[in-house]
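Participant: pasting a predicted model and its sequence here:
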Amino acid sequence: MMPRSVRHPAWCDVSDADWSDWRWQLRRRVRDLATLETLIAVTDEERRGITGRVGTFPFAATPYYLSLFEGPDCPVRRQAIPHADELLTTPWDLDDPLGEDPHSPVPNLVHRYPDRALLYVTHNCAVYCRHCTRARKVGDARTAPSRAMFEAAYDYLRRTPAIKDVLVSGGDPLSLSDDRLVEIIAALRAIPHIEIIRLCTRNPVTLPQRITPALLEALRPYHPLFVSTHFNHPRECTPEAAQALNLLADAGFSVGNQMVLLRGINDDEPTVTELGRWLLRNRCRPYYMFQCDPVGGTAHLRTAVQTGVDILDRMRGRVSGLAIPQLAVDLPGGGGKITLVPDRLVKLDGKRRVYRDAFGGTFDYVDAPLDDS
Ligand code: SF4
């Protein structure tokens with residue numbers, strides 16, 4: 001039996017079998033204001049946010065994820081429920097911040113880096129994260145790829161031997177049935193030059209019940225398979241989520257986390273450290289800490305770039321390096337990721353470099369390799 005975190009009172013009487021069934025969770029997702037009003041005290045700002053986003057970017061929350069909500073400032077609730085601030089616009093907002101559409105040689109396939117491609121396999125997600133980079137597409141059934149589109153994408157991949165690594169994304173690929181997901185992974189694995197397949201899924205966070213032994217067994221023949229997941233806050237670190245991560249690791253998946261820095265949600269060092277340590281204990285490597293992309297509707301969630309640099313600066317030297325993610329900015333317009341690090345150089349004096357450590361001490365390093373003339 002899967003361990004349980006707290007449940008909202010509305011679902012206290014649901015049997016453990018139903019609660020642990022990912023299809024039950026998906027069917028019972030809360031997707032409209034009227035239902036939400038029966039479950040939590042919706043604020044005026046949330047009401048305006050939900051109403052204002054109808055027809056542009058929907059909201060949805062599984063009973064499991066919604067059960068983690070606390071008051072209006074709750075870091076889980078703020079990721080899932082639209083806020084009136086989503087209706088604010090800035091001159092820097094973009095629909096397609098990563099320039100994916102201009103880098104799509106065939107529909108639903110993005111080829112932005114020489115050796116990698118991203119395949120958009122579904123528009124569905126268990127929860128629609130308010131900071132989603134692909135808010136222009138996800139949640140919109142019109143963007144669901146057809147069989148013919150899949151065939152065109154496979155054909156492009158077969159014709160492009162430079163691509164070694166395919167990210168299976170969306171939407172959340174684990175929204176698909178086991179059979180359909182395996183069909184896609186098998187088609188990719190049949191292409192000889194594809195070495196690595198990555199499943200980009202937030203289900204360990206929003207619907208950990210989806211990580212079933214049956215799914216893992218069905219995917220086992222197609223390793224090496226990687227999972228990129230997306231925990232943002234320790235409040236998401238429940239017994240169910242821990243079990244999902246450990247099941248993935250036991251089944252041979254290499255699991256990494258890509259968090260997004262979000263203002264007032266996780267933009268402080270203690271939160272990032274606590275999250276990193278929990279992930280490591282559960283065999284998931286903190287991989288990236290992303291600057292929030294300038295997608296329309298996220299201005300209120302974006303931090304200053306320096307915030308992430310300062311967080312890393314406080315972590316480096318105090319926290320195990322394994323728990324420290326790389327800070328990345330995905331350059332708007334399709335420039336790709338750059339990583340940023342805190343500058344520890346205090347002074348450059350000929351061959352003498354003076355660096356500061358994590359605690360403010362300074363130390364010399366003489367940069368004089370023997371063959372340096
Ligand atoms: S799960 Fe991923 S694709 Fe889906 S809404 Fe969240 S960030 Fe976007």
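Facilitator: Sure thing, it's come through. Residues are numbered from 1 along each chain as shown.
Participant: how about stretch 84-94 and the ligand, touching?
Facilitator: No. Stretch 84-94 lies out of reach of the ligand by Cβ under 6 Å from any ligand atom, never closer than 13.4 Å. Heads up, the C-betas are built off the backbone N, CA and C, glycines and all.
Participant: how far off centre is that stretch?
Facilitator: 21 Å (Cα atoms, centre = their mean, to the nearest Å).
Participant: okay, how far is it across it, tip to tip?
Facilitator: 18 Å (Cα to Cα, to the nearest Å).
Participant: which parts of it are buried?
Facilitator: For stretch 84-94, the buried set under the neighbour-count rule, 16 or more other Cβ atoms under 10 Å, comprises 84, 86-87.
Participant: neighbouring contacts of that stretch?
Facilitator: 44-46, 48-49, 52-53, 57, 130, 293-300, 332 (Cβ atoms under 8 Å, 6 or more residues apart in numbering).
Participant: who touches the residue of the stretch 151-300 of the chain found nearest the ligand in this structure?
Facilitator: Nearest residue of the stretch 151-300 of the chain to the ligand, counting by Cβ to the nearest ligand atom: residue 202, 3.6 Å away. Applying Cβ under 8 Å, 6+ apart, we find residue 202 in contact with 125-127, 129, 172, 229-230.
Participant: and the helices in the stretch 51-200 of the chain?
Facilitator: 63-66, 77-80, 147-158, 178-189 (DSSP state H, counting those that start in this stretch).
Participant: let me redo that: the stretch 251-373 of the chain
Facilitator: 269-281, 305-315.
Participant: identify whichever of these lies nearest to residue 17.
Facilitator: Nearest to residue 17, of all the helices of the stretch 251-373 of the chain, is helix 269-281, at 27.7 Å by Cβ to Cβ.
Participant: how far does stretch 214-226 stretch from start to finish?
Facilitator: 17 Å.
Participant: how far is it from where the chain is centred?
Facilitator: With Cα atoms, centre = their mean, you get 20 Å for stretch 214-226.
Participant: quick check: residues of the chain near the ligand?
Facilitator: Near the ligand, when you scan the chain using Cβ under 6 Å from any ligand atom, you find 125, 128-129, 132, 134, 138, 170-172, 202.
Participant: as a markdown table, these with pLDDT would be great.
Facilitator: Output for those, formatted as a markdown table (pLDDT from 0 to 100):
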| residue | pLDDT |
| --- | --- |
| 125 | 98 |
| 128 | 98 |
| 129 | 98 |
| 132 | 98 |
| 134 | 96 |
| 138 | 95 |
| 170 | 92 |
| 171 | 93 |
| 172 | 98 |
| 202 | 98 |
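Participant: ok, those residues vs residue 186, which is closest?
Facilitator: So of the residues of the chain next to the ligand, ranked by how close each gets to residue 186 (Cβ to Cβ), first place is residue 170, at 18.0 Å.
Participant: how many neighbours does the closest one have?
Facilitator: Using other Cβ atoms under 10 Å, residue 170 has 25 neighbouring residues.
Participant: and it, what does it touch?
Facilitator: Taking Cβ under 8 Å, 6+ apart as the test, what residue 170 contacts is 120-125, 134, 138, 200.
Participant: where does pLDDT dip in this protein?
Facilitator: Residue ranges of the chain with pLDDT under 70: 1-4, 372-373.
Participant: mind listing the strands for it?
Facilitator: 109-113, 116-120, 165-169, 196-200, 225-229, 254-260, 285-290, 326-331, 336-340, 345-349, 352-356, 362-366 (DSSP state E).
Participant: export those strands as JSON lines, with columns for mean neighbour count.
Facilitator: Listed next are the strands of the chain as JSON lines, based on neighbours: other Cβ atoms under 10 Å:
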{"stretch": "strand 109-113", "mean neighbour count": "20"}
{"stretch": "strand 116-120", "mean neighbour count": "23"}
{"stretch": "strand 165-169", "mean neighbour count": "20"}
{"stretch": "strand 196-200", "mean neighbour count": "20"}
{"stretch": "strand 225-229", "mean neighbour count": "22"}
{"stretch": "strand 254-260", "mean neighbour count": "21"}
{"stretch": "strand 285-290", "mean neighbour count": "20"}
{"stretch": "strand 326-331", "mean neighbour count": "18"}
{"stretch": "strand 336-340", "mean neighbour count": "14"}
{"stretch": "strand 345-349", "mean neighbour count": "11"}
{"stretch": "strand 352-356", "mean neighbour count": "15"}
{"stretch": "strand 362-366", "mean neighbour count": "11"}
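Participant: between those, which one is closest to residue 6.
Facilitator: strand 225-229 (21.5 Å).
Participant: how about the residue most central in space within the chain: what's its closest non-neighbour residue?
Facilitator: Nearest residue to the geometric centre of the chain (Cα atoms, centre = their mean): residue 230, 3.2 Å. Excluding the flanking residues, the one nearest residue 230 by Cβ to Cβ, 6 or more residues apart in numbering is residue 202, at 4.6 Å.
Participant: do the same with residue 136
Facilitator: Looking at residue 136 with Cβ to Cβ, 6+ apart, the closest residue is residue 95, at 4.7 Å.
Participant: verify the stated contact: that neighbour with residue 295.
Facilitator: Yes. With contact defined as Cβ atoms under 8 Å, residue 95 and residue 295 form a contacting pair (7.4 Å).
Participant: re the thing from before, which one (most neighbours) among the contacts of residue 170?
Facilitator: Neighbour max across those (other Cβ under 10 Å) = residue 121, 27 neighbours.
Participant: and that residue, backbone torsions?
Facilitator: phi -100, psi -20 (degrees, to the nearest 10).
Participant: so residue 266 sits against residue 75, correct?
Facilitator: Yes. Applying Cβ under 8 Å as the test, residue 266 and residue 75 come out as touching, 6.5 Å apart.
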